[in-house]
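**Q** my questions concern the predicted model and sequence given below.
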Amino acid sequence: MSCSDTDSEDYTTSDSEDYTTSDSEDYTTSDSEDYTTSDSEDYTTSDSEDNTTSDSESCFTFGEGIQYALEQIAFPENARRTYCHDAQVIENAFITAIADYDPLFRKAFGGLSLGGSCLDGIRIHLPDEFDMHVKIRLPIDLQPVLVPDQPGYIFLRASRCKHPCVAQYRGEGYFINRQAVQKWIRQSIEAIMPRLQAIRCTRRRVYSMEYQAKGSVVAHTLLATERRNPSRQISFDFVPVFEFEATEWPRGLQKPRNGGRSWFAVPRKYANKPEDSRSFIFCAPHWERLELHDRQNLKDSLRLMKALRNANQMPGLYSYLLKSIYLDELRKNSTQWDQAPGQILIHMLGKLRQGLAKKHVPFFLVPDHNNLDKLEPEMITDYYRSISRTLNTLNQRLNANYLTNEDLHDIFGIEVEED
């Protein structure tokens with residue numbers, strides 16, 4: 001979309017970026033699904049542990065319990081429609097307000113691109129959180145440059161230009177300054193907040209916006225609250241990014257399959273390293289989406305893992321980290337993804353446990369980068385123990401072929417409605 005279009009231009013996402021999941025995404029499992037584990041993967045406990053349960057304690061077979069959990073963490077179609085409709089109206093109001101306020105932004109804005117769980121079709125519960133990449137296009141040539149000893153990070157070398165986001169670094173030339181980008185976006189958002197206090201999505205639903213996280217890490221987080229029903233909220237993470245064609249992927253890095261789609265440079269500071277205002281990290285949500293495409297049982301198992309994380313209070317296992325466990329297995333091509341979701345979950349919890357034990361979870365785009373780099377060692381140890389306990393419980397239940405109401409609550413945070 002050109003910034004020189006007429007006043008009627010629409011700043012919403014393109015038609016190709018839809019918040020829906022494909023029609024093939026179904027929460028049912030087939031009758032042929034086998035929940036047995038392979039001989040090579042035995043997470044069972046000693047023979048002294050009792051894997052039996054009385055009829056009064058047991059509510060589901062293992063497969064039925066997994067299916068029930070999937071149904072409970074899914075969201076109704078009408079909720080998807082209304083939340084996604086409201087989200088797109090709010091996004092359009094947000095971008096229009098910034099473009100009206102800041103001529104520099106209006107010229108640089110290159111569109112919104114959806115990312116995160118909504119793009120991948122792995123959102124659980126309500127579709128009330130949206131990751132939006134705000135594409136910035138400057139009238140200069142940019143060249144991604146790999147950072148020595150910092151896998152996954154790049155600098156953006158710039159042609160000489162007078163722009164607030166471009167800075168000269170002594171002896172090294174001109175580069176995009178990550179901190180200047182975030183300051184620019186932050187100041188514009190702060191200035192337009194009064195305009196975002198009555199965004200009308202329908203005759204009844206009107207939202208006010210609150211600016212929460214202000215780009216100090218990566219995202220600018222805004223929370224929209226429905227004025228008549230304050231319990232209805234939608235959260236947005238707006239992340240300024242610079243877009244590159246697949247052909248501009250840096251030499252020396254293995255390029256995943258990409259379908260010719262672009263990738264992004266996302267502003268992010270190093271973890272536990274001296275600050276450098278030039279640092280950006282690779283991001284390619286559409287490349288990753290290709291890996292997940294048409295693998296419904298994989299997606300269902302990932303939904304279950306996210307529910308398990310929430311129920312067991314492990315917020316440090318953020319969604320992209322969990323997704324990275326799956327992407328790494330897809331890269332290795334070592335897992336059969338047509339297995340039942342419960343069986344895949346057990347297998348992938350084992351892989352997560354291995355990553356926690358090694359204190360390294362590879363980044364799909366640059367495997368030498370460690371996605372655990374921001375977690376404290378004590379937290380990693382606690383998570384390892386929690387995952388190990390849950391994994392042992394799931395294997396016991398799998399071998400005995402049952403899941404109780406208490407299991408569903410303790411493992412997935414699911415309350416079973418009693419008859």
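**A** Sure thing, it's come through. Bear in mind that the values here come from a model prediction, so they are computed numbers and not experimental data. Residues are numbered from 1 along each chain as shown.

**Q** where in the stretch 251-400 of the chain is pLDDT low?
**A** In the predicted model of the stretch 251-400 of the chain, no residue satisfies pLDDT under 70.

**Q** now the strands for it?
**A** For the stretch 251-400 of the chain, strands defined by DSSP state E, counting those that start in this stretch occupy the ranges 263-267, 280-283.

**Q** okay, those in TSV with mean neighbour count next?
**A** Backbone N, C-alpha and C define where each C-beta goes, glycine included. TSV is the format used below for the strands of the stretch 251-400 of the chain (neighbours: other C-beta atoms under 10 Å):
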stretch	mean neighbour count
strand 263-267	23
strand 280-283	23
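
**Q** I'd like the ones you listed written out as JSON lines, with distance to Gln197 added.
**A** Formatted as JSON lines, these follow (distance: least, C-beta to C-beta, whole Å):
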{"stretch": "strand 263-267", "distance to Gln197": "28"}
{"stretch": "strand 280-283", "distance to Gln197": "31"}
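
**Q** in a helix, Leu223, correct?
**A** No - under DSSP: H, G, I helix; E, B strand; the rest coil, Leu223 falls outside any helix and is assigned strand.

**Q** look at it and say how many residues are nearby.
**A** A count of nearby residues for Leu223, using other C-beta atoms under 10 Å, gives 17.

**Q** does it really touch Glu210, like I thought?
**A** Yes - using C-beta atoms under 8 Å, Leu223 and Glu210 qualify as a contacting pair, with a distance of 4.7 Å.

**Q** follow-up on the earlier one: out of the strands of the stretch 251-400 of the chain, flag the one nearest Gln72.
**A** Closest to Gln72 of those is strand 280-283 (C-beta to C-beta; 31.5 Å).

**Q** how long is stretch 308-320 end to end?
**A** Distance between the two ends of stretch 308-320: 15 Å, counting by C-alpha to C-alpha, to the nearest Å.

**Q** buried set for that stretch?
**A** 308-312, 314, 317, 319-320 (16 or more other C-beta atoms under 10 Å).

**Q** go on, stretch 250-268?
**A** 253, 256, 258, 262-268.

**Q** now those residues in CSV, with distance to Asp128?
**A** Listed next are the buried residues of stretch 250-268 as CSV, based on distance: C-beta to C-beta, whole Å:
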residue, distance to Asp128
Leu253, 35
Pro256, 30
Asn258, 30
Ser262, 27
Trp263, 27
Phe264, 24
Ala265, 28
Val266, 23
Pro267, 25
Arg268, 25
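
**Q** ok, back up a step: the strands of the stretch 251-400 of the chain: which one's closest to Phe109?
**A** Across these, closest to Phe109 is strand 263-267 (C-beta to C-beta), at 14.6 Å.

**Q** quick one: strands adjacent to the closest one?
**A** Sheet pairing here is set by DSSP bridges, and for strand 263-267 it gives strand 233-244 (antiparallel), strand 280-283 (antiparallel).

**Q** residues in a beta bridge with the spatially closest residue to Gly252 that is not a sequence neighbour, which ones?
**A** Closest residue in space to Gly252, ignoring its immediate chain neighbours: Leu146 at 6.5 Å, by C-beta to C-beta, 6 or more residues apart in numbering. Beta bridges link Leu146 to Ile154, judged by DSSP bridges.

**Q** just to check, Leu146 is in contact with Trp249?
**A** No - contact criterion C-beta under 8 Å: Leu146 and Trp249 do not qualify, at 10.7 Å.

**Q** more neighbours: those two, which one.
**A** Just comparing Leu146 and Trp249: by other C-beta under 10 Å the higher neighbour count belongs to Trp249, 19 against 16.

**Q** ok, the more buried one to Val241 distance?
**A** From Trp249 across to Val241, the span is 15 Å (C-beta to C-beta, to the nearest Å).

**Q** go on, Val145?
**A** From Val145 over to Val241 the distance is 17 Å, taken as C-beta to C-beta.

**Q** on that earlier part again, give the contact list for the residue nearest to Gly252.
**A** 153-154, 250, 252-253 (C-beta atoms under 8 Å, 6 or more residues apart in numbering).

**Q** quick check, nearest of those to Glu378?
**A** Checking the contacts of Leu146 against Glu378 by C-beta to C-beta gives Tyr153 as the nearest, at 25.8 Å.

**Q** burial of the closest one, as a residue count?
**A** Using other C-beta under 10 Å, Tyr153 has 24 other residues around it.

**Q** excluding chain neighbours, what is closest to Thr61?
**A** With C-beta to C-beta, 6+ apart, the residue lying closest to Thr61 is Asn401, at 5.5 Å.

**Q** could you tell me the phi and psi values at the one you found?
**A** phi 60, psi 60 (degrees, to the nearest 10).

**Q** ok, it - how many residues close by?
**A** Neighbour count for Asn401, taken as other C-beta under 10 Å: 16.
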